[in-house]
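Sequence plus the predicted model coming up.
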Amino acid sequence: MKKNINIRKSVDRGGFKNDWLNAKHTFSFGSYYDPTNMGFGPLRVINQDIISAGQGFGMHGHDNMEIVTFVTNGRLKHKDTLGSVATISPGEIQMMSAGTGIRHSEFNDLQDQDLKLLQIWIEPNQQNLQPRYQDLKIETIEKVNGLTPLATEKGQRGGLRIDSDADLYLLESAENKKMEFKPNRSGNIFIQVIDGEISAENFNLLAGDSVAIEQSQDLKFEVQKNTRALIFDLGK
């Protein structure tokens, strides 16, 4: 039985825009503050960013946060104080465990097109861990029933290991289909739609929409063709 379903439509998100960045915030972030949307369990930030050609975020620091970046269009150039240098394209996933502290830059590596990505912050389950950086091709992760475990606490099926009470899955469907998701943690599920459409008894989600569901034993839903979404299985 599900209870406490909170739907957030794309148009209701916060935002920030300047001459090179157009960002939409699912939760409070930066200058956007909404006391009713401070996160969900350990999930703290989902930002949908459009970064102009050749532009980006200069070197800056974080600590005690798990930071996942999912590129949807374009190519991301990453550098950090661990010595990591990488370019991330669609079909790849990047994560930093900031731990005791890490500085990094993230730039659009192309000079002729926008970079589009989702940046996700998840609170760790331990403080002051050793910082680390990971990236990999999503196709190398074992997919089961249309779900790919991008980042999990134990790095199941070849996904990234995240030091948090959270598992992150990528849903991809090229056709209309019925699906079911069974959470392994507290029953708290969060869905952020990237493209397409997801519907269930209590909600209908389009691109940019999200839903937070508390205490769900399982979630049955339908997806339309060419749908992508991020599904989070969260602790409290």
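Arrived safely, thanks for sending.

switch to C-alpha atoms for all contacts and neighbour counts from now on
Noted.

Pull the residues that contact stretch 17-31.
Under the criterion Cα atoms under 8 Å, 6 or more residues apart in numbering, residues 8, 13-16, 32, 34-35, 37-39, 44-52, 55-56, 210 lie in contact with stretch 17-31.

and it, C-alpha only, in PDB?
Provided in PDB are the C-alpha atoms of stretch 17-31 (Å, rounded to 0.1, in the frame of the first residue of the first chain):
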ATOM      1  CA  LYS A  17      19.500  31.400 -15.700                       C
ATOM      2  CA  ASN A  18      22.500  33.500 -16.800                       C
ATOM      3  CA  ASP A  19      24.300  34.000 -20.100                       C
ATOM      4  CA  TRP A  20      25.700  30.400 -20.200                       C
ATOM      5  CA  LEU A  21      23.600  28.300 -17.800                       C
ATOM      6  CA  ASN A  22      19.900  27.400 -17.700                       C
ATOM      7  CA  ALA A  23      19.100  25.200 -14.700                       C
ATOM      8  CA  LYS A  24      16.000  23.700 -13.300                       C
ATOM      9  CA  HIS A  25      16.000  22.600  -9.600                       C
ATOM     10  CA  THR A  26      13.800  19.700  -8.400                       C
ATOM     11  CA  PHE A  27      14.800  20.600  -4.800                       C
ATOM     12  CA  SER A  28      16.100  23.800  -3.100                       C
ATOM     13  CA  PHE A  29      19.500  24.700  -4.400                       C
ATOM     14  CA  GLY A  30      21.600  27.900  -4.500                       C
ATOM     15  CA  SER A  31      19.500  31.000  -4.600                       C
END
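
If we go by neighbour counts, what in it is buried?
Residues of stretch 17-31 classed as buried: 21, 23, 24, 25, 26, 27, 28, 29 (neighbour count, 16 or more other Cα atoms under 10 Å).

so what's residue 129 closest to, chain neighbours aside?
Residue nearest to residue 129 in three dimensions, not counting chain neighbours: residue 99, with 4.5 Å by Cα to Cα, 6 or more residues apart in numbering.

how many neighbours does residue 157 have?
Around residue 157 sit 16 other residues, with neighbours defined as other Cα atoms under 10 Å.

Then residue 154?
Using other Cα under 10 Å, residue 154 is surrounded by 14 other residues.

tell me the contacts of it?
161, 162.

Out of the buried residues of stretch 17-31, which comes closest to residue 192?
For these, the minimum distance to residue 192 (Cα to Cα) is 8.9 Å, reached by residue 26.

Return the distance of that closest one relative to residue 106.
Applying Cα to Cα, to the nearest Å, the value for residue 26 to residue 106 is 20 Å.

Next: residue 176.
For residue 176, the distance to residue 106 equals 35 Å [Cα to Cα].
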